[in-house]
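> build me a model from this:
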Amino acid sequence: MSFFRAAFTLFIKDIRLEFRTKEMINTLLVFALLTVVIFNFAFPPGIIDPGLLASGIFWVTIIFTGTLAFNRSFSIETEEDSLRGLLLMPYDPTFILLGKSLFNFLLITIIEIVVYPIITVLFRVSPAGSYWILILTVILATVGLTFIGTLQGAVLLRTRAREILLPLLFFPIIVPLIIAATKATEAFFTGKIDPSSWLKFLALFDFIYISATIFLFEYTLED
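This is a model prediction of the structure:
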């Protein structure tokens, strides 16, 4: 079994467990929908430019929802004590990071697909740019979020207060990514700014931070 096959096997295992319980996806969907509805009442249409408002609320909803997913990334392995078995496999431990990041990427992508049309309806916004801008923005931003969030979940694996500590560690790191993602999404909704520089920034951010997470991941799992 190759490194990538081991990561894919872990990814499929998590999907099958989630398909049986539906615990995580249901929780994330309810939380995301409630967040959007609350923002809808807090910012009635007409107060702020709808494109600017929709882009900000979209990404705030995603990062808040993502913290729930990242907190639970390794919960199954710790509860069943299967993490030790994964570490004993004859592969670089980063296959665990890759498998878990793929699963988190899938979860967050589902949330994004559900949240996007709801935001466009509630805030009465229609796109002014190409859908490729939104698709590329979502892919680049979600990849960065999932790798960083999965690493943070591993760092806080044995910490009792990880639900509190994860946002404190996670949010400051992803501020540049969220700013770039929000600006690129704003370009999609309003058409008033050029998204190319923000998309390039997202790609550079992903390259730097994913490289860092791959290098650091092995040390996070040491006793």
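> all helices in the chain, in order from the N-terminus.
Defined through DSSP state H, the helices belonging to the chain, from first to last, are 3-21, 23-42, 50-71, 75-79, 83-87, 94-122, 131-155, 162-190, 196-220.
> what's in contact with the fifth one?
Contacts with helix 83-87, where a contact means C-beta atoms under 8 Å, 6 or more residues apart in numbering, come from 10, 74, 77, 93, 96, 157, 221. Just so you know, the C-beta spots here come from the backbone N, C-alpha and C atoms, and that holds for glycine as well.
> which non-adjacent residue is nearest residue 31?
residue 65 (5.5 Å; C-beta to C-beta, 6 or more residues apart in numbering).
> quick check, the one you found in contact with residue 25.
No - look at residue 65 against residue 25 with C-beta atoms under 8 Å: they stay out of range, at 10.7 Å.
> neighbour count: these two, which is higher?
More crowded of residue 65 and residue 25, by other C-beta atoms under 10 Å: residue 65, with 22 against 17.
> could the helices of the chain go into JSON lines alongside mean pLDDT?
Converted to JSON lines, these look like this (pLDDT from 0 to 100):
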{"stretch": "helix 3-21", "mean pLDDT": "84"}
{"stretch": "helix 23-42", "mean pLDDT": "88"}
{"stretch": "helix 50-71", "mean pLDDT": "89"}
{"stretch": "helix 75-79", "mean pLDDT": "70"}
{"stretch": "helix 83-87", "mean pLDDT": "71"}
{"stretch": "helix 94-122", "mean pLDDT": "92"}
{"stretch": "helix 131-155", "mean pLDDT": "92"}
{"stretch": "helix 162-190", "mean pLDDT": "89"}
{"stretch": "helix 196-220", "mean pLDDT": "90"}
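> what about the residue nearest to residue 31, distance to residue 107?
Using C-beta to C-beta, to the nearest Å, we find residue 65 at a distance of 9 Å from residue 107.
> what's the answer for residue 66, then?
Separation of residue 66 from residue 107 (C-beta to C-beta) stands at 8 Å.
> same question for residue 119.
As for residue 119, its distance to residue 107 is 18 Å (criterion: C-beta to C-beta).
> between these two, which one's more packed in?
More crowded of residue 119 and residue 107, by other C-beta under 10 Å: residue 107, with 26 against 21.
> so the more buried one touches residue 29, yeah?
No - because the distance of 9.8 Å does not satisfy C-beta under 8 Å, residue 107 is recorded as not touching residue 29.
> stretch 78-93: how far from the chain's middle?
23 Å (C-alpha atoms, centre = their mean, to the nearest Å).
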